[in-house]
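> Sharing a sequence plus its predicted fold:
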Amino acid sequence: MKWDEQTAPRWDEPEQIVETSIRTQIKLVSGYRGNPKTDRIKLRESLRPKHVAISLAGEPTLYPQLGELIHEFKKRGFTTFLVSNGTVPEALAKLNEEPTQLYVSLCAYDEQSFKKTCRPQAAKAWEKLNQTLATLPSFKCPTVLRLTLARHLNLERPELYAKLVERANPTYVEPKAYMHVGFSRLRLSFENMPSHQEIRTFAEQLAHELGYRIIDEASDSRVVLLSKLEKPIRLA
């Protein structure tokens, strides 16, 4: 069975996606009602979702009604976090509604490391990613460059990452450790997973190159947050 991941025979309408997402969330957590150990306050909160991450199930900028989808979520009081690999810059440039926060994945410091790390399927993917980086300063919402870093693969050359970050001028930079889970285990080994200290050391080097500062970190998630701000913006 073969299919083209960059096309679809039929696109769901934004309203349908929003309504189905809400119904599915409620269905997923409804079973906790019968568990006497369930925190009732957290259960009530989970049955009234307020935040949505537009990510994970493929590249969201391939969806032709992305701006309308963000608008539909915002109409219902949701914050929207859009996560993109940056290979469809024209989709981001023509958004008629910005998300609450925009994440772009940056997992390589040059074209060679990009091809080795990301194995792009789209033509001219590195060129398109750089176009996306150049577009980021035009956004009014907070922007984030997320660096997922794997030992012996792309956890190096902070000075070259810094040049790319400077082009995008994001609100935040988020160096994060690769985690040895899911399908990635078919390609990478446990040895590729950096410790939090390795990520922090890299973050310190990157911050020095950029003039950013470390404003937060989570050792259990092996992630560090860099910014020119004194503290993160509270969005909700």
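Alright, I've got the coordinates.
> ok, the residue of the chain most remote from its centre to residue 179 distance?
For the chain, the largest distance from the centre (CA atoms, centre = their mean) belongs to residue 36, which lies 35.1 Å off. Using CB to CB, to the nearest Å, we find residue 36 at a distance of 33 Å from residue 179. Glycine gets a C-beta too; all of them are placed from N, C-alpha and C.
> Name the helix or strand of the protein that has the lowest mean pLDDT.
Taking mean pLDDT, DSSP states H and E as the measure, helix 40-46 is the helix or strand of the chain with the lowest mean score, a mean of 92.
> quick one, what contacts the residue nearest the centre of the chain?
The residue lying closest to the centre of the chain (CA atoms, centre = their mean) is residue 83, at 3.6 Å. Contacts for residue 83 (CB atoms under 8 Å, 6 or more residues apart in numbering) come out as 53, 54, 55, 56, 60, 103, 104, 105, 146.
> now, among those, which is nearest to residue 91?
residue 60 (8.7 Å; CB to CB).
> Count the neighbours of the closest one for me.
Neighbour count of residue 60, defined by other CB atoms under 10 Å: 20.
> Dihedrals phi and psi, it?
Per-residue torsions, residue 60: phi -70, psi -20 (degrees, to the nearest 10).
> Touching, it and residue 84? I think so.
Yes. Using CB atoms under 8 Å, residue 60 is in contact with residue 84, at 6.4 Å.
> Compute the distance between residue 208 and residue 112, please.
Per CB to CB, residue 208 is found 24 Å from residue 112.
> Give me the more crowded residue out of the two.
Remark: of residue 208 and residue 112, residue 208 carries more neighbours, 13 against 10, as counted by other CB under 10 Å.
> Flag the least confident of the contacts of residue 83.
The member of the contacts of residue 83 with the lowest pLDDT is residue 56, at 72.
> Could you find the closest non-adjacent residue to it?
What sits nearest to residue 56 in space, not counting adjacent residues and going by CB to CB, 6 or more residues apart in numbering, is residue 83, at 7.6 Å.
> hang on, the one you found in a strand?
Yes. Assessed with DSSP: H, G, I helix; E, B strand; the rest coil, residue 83 lies in a strand.
> Packing partners of the helix or strand that comes right after the least confident helix or strand of the chain?
Using DSSP states H and E, the next helix or strand after helix 40-46 towards the C-terminus is strand 51-54. Applying 3 or more CB pairs under 8 Å, 6 or more residues apart in numbering; DSSP states H and E, one finds that strand 51-54 contacts helix 66-75, strand 79-84.
> can you rerun that using 10 Å?
helix 14-29, helix 66-75, strand 79-84, strand 101-105 (3 or more CB pairs under 10 Å, 6 or more residues apart in numbering; DSSP states H and E).
> Touching that strand from outside, list them.
Applying CB atoms under 10 Å, 6 or more residues apart in numbering, the contact partners of strand 51-54 are 17-18, 21-22, 25, 60-61, 63, 66, 69-70, 73-74, 76, 78-84, 99-103, 235-236.
> List only buried entries from those residues.
17-18, 21-22, 60-61, 63, 66, 69-70, 73-74, 78, 80-84, 99-103 (16 or more other CB atoms under 10 Å).
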